[in-house]
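1. Give me the fold of what follows.
(one chain, ligands or ions: 1)
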Amino acid sequence: FPGQPVPVLDNPVVTECIIRLTFRVVEIFSLDLGGISAIVLNGYDAVKECLVHQSEIFADRPSLPLFKKLTNMGGLLNSKYGRGWTEHRKLAVNTFRIFGYGQRSFEHKISEESIFFLDAIDTYKGRPFDLKHLITNAVSNITNLIIFGERFTYEDTEFQHMIEIFSENIELAASASVFLYNAFPWIGILPFGKHQQLFKNAAEVYDFLHELIERVSENRKPQSPRHFVDAYLDEMDCNENDPESTYSRENLIFSVGELIIAGTETTTNVLRWAVLFMALYPNIQGQVQKEIDLVIGPNKMPALEEKCKMPYTEAVLHEVLRFCNIAPLGIFHATSKDTVVRGYSIPEGTTVITNLYSVHFDEKYWSNPEVFFPERFLDSNGQFVKKDAFVPFSLGRRHCLGEQLARMEMFLFFTSLLQRFHLCFPHGVVPDLKPRLGMTLQPQPYLICAERR
Ligand code: HEM
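-> Model prediction:
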């Protein structure tokens, strides 16, 4: 419907229209989201043209009332493209390397977490249970090690509650009443509606993180950082005489919150989909297990150096990322200048929706995209092949900064899970495969039996 206003009846309708239907019609079209002027980019060519070839112009974030209210456009993920973003992104990339994947010992820390995770699964002794909470805890602990220098036990209900209400906010952020709030911010004074729940949750998360940051920075030795929080406080100290500095206590809390949720919500859902698909396709599960047994063996913990010898497992994880589209519309971008794309004029300040789902179902680049088929990532010799139109982490300046960490986690958690367990649905009943729509796509709650192999 190029040029036609789309009624914002209910969010799932809008989201479903954007992600499933429109890309079959046009590569680029404009959308009026109740006064917010937006464009939607469909298919690999259009997304690449904007995010890669015009990367600087498309690297901004929209000044939506929701983001303004929650983070005052500070922090990292939602920050405007400028000094604040550059400083926060650089610091996060560096600390993720120093305290995370740049350390050889970090792989062992993920393996240690995998053992806690597998042992917790073992307590169900093959009985049906919902894996969601265990995966969330295990995954968030990897980010926690980098940010706070410590993990939280699976019994820590306070931390779990914080993650729960934070991820509830990811769903609420895409609800109809929050869409309305973005269009008509004055509805914020109404005492009811989902936006009020979202604000309440955000305030609770903020207080929790504030206290946690205070606790983990006790006994800090300046310029000897132990984790992200220390490194941030060091940067604050170094810049204390610069009135333009964007480092502040508030931005520290926003950045910590964004890193935790960006790392947890996404990787957890990839693993939840991967488990679901393994139970759905026992032959694919069997082939992954055959590769694990051959390359790693039954007892040794999986190691990253084995990844290049396991093309089938890699292909399965890639197909899960392609097919399940964890972040179907990425994170909204905005233009920082007037520009032209495919002959269309796009004014400065336009909200840009990158339909990553459409890229993963783009028939120009994928044959039979509607079919779950890991072999599409293998060549005729069974070797893994990269695909250009594989963009789950997006492209350009704002591409996901946790990609490397997420890839490590997915491989190590997934292989150690399938090494120890056979996964199946209770009584062979296949759950509803329709995703839950929100800013991320997650499976509907489902039960799984993990039987010792
Ligand atoms: C499988 C897991 C993951 C997926 C599919 C994923 C996907 C994405 C996507 C699509 C974006 C939007 C990029 C854009 O604006 O164009 C993004 C941004 C981001 N991701 Fe991830 N992500 C994952 C894991 C992680 C992890 C583990 C972290 C860190 C702990 C992380 C941190 C971030 C941050 C901070 C941004 C914002 C970057 C910026 O605005 O400069 N992500 N991610």
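2. show me the contacts for Trp273.
-> Val320, Cys324, Ile326, Pro443 (C-beta atoms under 8 Å, 6 or more residues apart in numbering). Backbone N, C-alpha and C define where each C-beta goes, glycine included.
3. Following the helix or strand hosting the first one in sequence, what is the next regular element?
-> Read it as Val320. Following DSSP states H and E, one finds Val320 within helix 311-324. Sequence order places strand 333-334 as the next helix or strand after helix 311-324, per DSSP H and E.
4. Could you check how far the closest residue to the ligand within the stretch 251-400 of the chain is from Phe99?
-> Nearest residue of the stretch 251-400 of the chain to the ligand, counting by C-beta to the nearest ligand atom: Gly263, 2.7 Å away. Using C-beta to C-beta, to the nearest Å, Gly263 is found at 13 Å from Phe99.
5. Which pLDDT value goes with Ile19?
-> Model confidence at Ile19, given as pLDDT, is 62.
6. Of the contacts of Trp273, which ones also sit close to the ligand?
-> Filtering the contacts of Trp273 for proximity to the ligand by C-beta under 6 Å from any ligand atom leaves Ile326.
7. want to try CSV for the contacts of Trp273, with neighbour count and pLDDT as columns?
-> Formatted as CSV, those follow (neighbours: other C-beta atoms under 10 Å; pLDDT from 0 to 100):
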residue, neighbour count, pLDDT
Val320, 25, 98
Cys324, 24, 95
Ile326, 23, 94
Pro443, 19, 95
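8. and Glu150, what does it touch?
-> Contacts of Glu150 were listed using C-beta under 8 Å, 6+ apart, and they are Asn144, Val216.
9. again, only using 6 Å
-> With contact set as C-beta atoms under 6 Å, 6 or more residues apart in numbering, Glu150 has no partners.
10. What of Glu155?
-> Contacts of Glu155 by C-beta under 6 Å, 6+ apart: none found.
11. how close does it get to the ligand?
-> Separation of Glu155 from the ligand (C-beta to the nearest ligand atom, to the nearest Å) stands at 23 Å.
12. okay, now the one residue in the stretch 301-450 of the chain that gets nearest to the ligand: neighbour count?
-> Here the stretch 301-450 of the chain gets closest to the ligand at one residue, Gly402, 2.1 Å apart by C-beta to the nearest ligand atom. Using other C-beta atoms under 10 Å, Gly402 has 22 neighbouring residues.
13. which one of Gly263 and Phe99 has more residues nearby?
-> Neighbours per residue, other C-beta under 10 Å: of Gly263 and Phe99, the larger number sits with Gly263, 24 against 20.
14. Was I right to think the more buried one contacts Leu401?
-> No: taking contacts as C-beta atoms under 6 Å, Gly263 lies outside contact range of Leu401: 9.7 Å.
15. What backbone torsions are found at Asp234?
-> Dihedral pair for Asp234: phi -60, psi -40, per degrees, to the nearest 10.
16. which ones are touching Phe67?
-> Here Phe67 is in contact with Asn78 (C-beta under 6 Å, 6+ apart).
17. Restricting to C-alpha, output whichever helix or strand it is part of in CSV.
-> Here Phe67 sits within helix 65-71, counting by DSSP H and E. Taking Å, rounded to 0.1, in the frame of the first residue of the first chain, the C-alpha atoms of helix 65-71 are listed here in CSV:
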residue,chain,number,x,y,z
PRO,A,65,8.6,10.1,22.8
LEU,A,66,9.0,6.6,24.3
PHE,A,67,12.8,6.6,24.0
LYS,A,68,13.0,10.3,25.1
LYS,A,69,11.0,9.4,28.2
LEU,A,70,12.9,6.2,29.0
THR,A,71,16.5,7.3,28.3
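18. neighbouring contacts of the next helix or strand after that helix?
-> Per DSSP H and E, the first helix or strand lying C-terminal to helix 65-71 is helix 83-96. Here helix 83-96 makes contact (C-beta under 6 Å, 6+ apart) with Leu76, Ser79, Ile146, Phe228, Ala231, Glu235, Thr246, Ser255, Leu401.
19. Equivalent analysis for stretch 283-291, please.
-> Met278, Met310, Tyr312, Thr313, Val316, Leu418.
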